[in-house]
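Predicted structure and sequence below. I'll ask about it afterward.
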Amino acid sequence: MLRIIDARTGEPVDAAPARRGLTRVEAHVVGHDATALRVLLVADVLVRALELGGTPVWALLSGGGEQPELRAGAAALGIRPFEDGRASGTGLGEAQVLSVVGGTDGQDAAGTGTEPDPALLPRGVRVSVAPAAPEATGIPEGADPTVVRLALLSRPRTAPARLDADALDEARDTLVRWRRAVADWARQPSRAVPEDVRGELRAAWENDLDVPGVLRVLRRVETSELAEGARFETYAYADRLLGLELTRDLGSPA
């Protein structure tokens, strides 16, 4: 069961209702910059984690629905579209609301004026996301969006993230190495993901959406004694959460 630390109380709560009712995930953003994209990315991974656990999700964007630049940047990062929170309202009988907010608790997430729209203020469990490269207006010019996605996912969501040359180079090297390895492993007979490895992956992302913990498991599997077919299936399984296109190079020349 995915458990999230509520930023308002500091206490862990179940991210999904006990009876697998609908969970509403609201991404609250202001403007279009790297921090707004990071909020959307965390919300995207949160939706993926819930769906992997069998929970139906309604994903909404509040505060940025009318910003084509933000939506274009999110699409480039592989973030699935969110419905416009202003137009969607309520009424689907959701049993849980998770609000993903940036900065200091998302108090400004409903708008830039002095009188925010009360309907767009964060509700329910608050999932806090620290700033990312505050000087950046979006994806760094010339950067591979998937590399940026990995660079952002490599840091705990509650810690500031950087998108400087060193962070992007490290993410690029990791992504290239993993895609090549996955393509090589795919040439061998498939093997199931070992249950202990599957358990480690799920334990990481179900513990307050610890994506860096998921990445640590993959690094250990990369150099393990597991059969190559099992390593392939492990990376393919984890990528359902990560969205890094780790199987993209399948079928490419050795």
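Thanks, I have the structure now. Small disclaimer: the values here were computed from a predicted structure and weren't measured. Numbers count the residues shown, from 1 in each chain.

buried sites along stretch 40-51?
Buried residues in stretch 40-51, counted by 16 or more other C-beta atoms under 10 Å: 40-50. Glycine gets a C-beta too; all of them are placed from N, C-alpha and C.

and what of stretch 200-214?
In terms of neighbour count (16+ other C-beta under 10 Å), stretch 200-214 has its buried residues at 200-202, 204-206, 208-209, 211, 213-214.

Could you do stretch 219-227 as well?
Buried residues in stretch 219-227, counted by 16+ other C-beta under 10 Å: 221-222, 226-227.

what's the answer for stretch 170-180, then?
Across stretch 170-180, burial judged by 16+ other C-beta under 10 Å covers 171-172, 174-175, 178-179.

Next one: A15 relative to R187, how far apart?
38 Å (C-beta to C-beta, to the nearest Å).

According to the record, where do the domains of the protein fall?
3-137, 170-242 (automatic domain parsing).

Can you tell me which of the buried residues of stretch 219-227 end up in helices?
Secondary structure from DSSP state H places 221-222 of those in helices.

what's the closest of the buried residues of stretch 219-227 to G31?
E222 (37.6 Å; C-beta to C-beta).

What pLDDT is listed against that closest one?
For E222, the model assigns a pLDDT of 97.

hmm, back to that, to L150, which of the domains of the chain lies closest?
The nearest among the domains of the chain, by C-beta to C-beta, is domain 170-242 at 4.2 Å.

gap between the two ends of that closest one?
One end of domain 170-242 sits 17 Å from the other (C-alpha to C-alpha, to the nearest Å).

Could you tell me the least trusted of the domains of the chain?
Here the domains of the chain differ in mean pLDDT, and the lowest is domain 3-137 at a mean of 80.

in which helix or strand would I find the residue nearest to the spatial centre of the chain?
For the chain, the residue nearest the mean C-alpha position is V45 (2.7 Å; C-alpha atoms, centre = their mean). Element membership for V45, per DSSP states H and E: helix 34-52.

Downstream of that helix, the next helix or strand is which one?
Next in sequence after helix 34-52, counting helices and strands by DSSP H and E, comes strand 57-62.

Show me what that next one is packed up against.
Judged by 3 or more C-beta pairs under 8 Å, 6 or more residues apart in numbering; DSSP states H and E, strand 57-62 is in contact with strand 23-28, helix 34-52, strand 83-84, helix 85-88.
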